[in-house]
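Student: predicted model and sequence below, questions to follow.
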Amino acid sequence: MDENSWSAIDVVESLKPLGWSYVISKTITERAALEFAEQHGLDLLTLVPSFVVGPFICSGFPGSVCMTLAMSHPSTRKSLSTGNKKGKTG
């Protein structure tokens, strides 16, 4: 994966998956940062973390956690999309 691999904003916007606004804003911001760096002769490195470990600083699951759970555990999709912040399916 490199700067030639981008999220398809039009597809994300039309499908509106969980966390879609984050995906779009991250893509637009990262493109702008790379363009700025190139225009000003700066080296820029961006990362796409595959997994982040540590305590949450908020009371519920962040959107990225909900998205990961929904992809890896399809049974949690309904409870996560209906606002069950703790991810319980029962």
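Tutor: Thanks, I have it. Numbering: from 1, shown residues only.

Student: ok now stretch 23-42, how far from the chain's centre?
Tutor: 17 Å (Cα atoms, centre = their mean, to the nearest Å).

Student: how about that stretch, which residues are buried there?
Tutor: Neighbour-count burial for stretch 23-42, with 16 or more other Cβ atoms under 10 Å as criterion, is recorded at 23-24, 30. (Glycine included, C-beta is placed from N, CA and C.)

Student: quick one: which of the residues you listed is nearest residue 59?
Tutor: residue 23 (23.6 Å; Cβ to Cβ).

Student: tell me where the longest helix sits in this structure.
Tutor: In the chain, with assignment by DSSP state H, the single longest helix is helix 20-39.

Student: helices along the chain, start to end?
Tutor: Secondary structure of the chain (DSSP H): helices at 9-15, 20-39, 63-72, 77-81.

Student: which one of those helices lies nearest to residue 54?
Tutor: helix 63-72 (11.3 Å).

Student: run the angle between that closest one and helix 20-39 for me.
Tutor: 110 degrees (axes from the mean of the first three to the mean of the last three Cα atoms, to 10 degrees).
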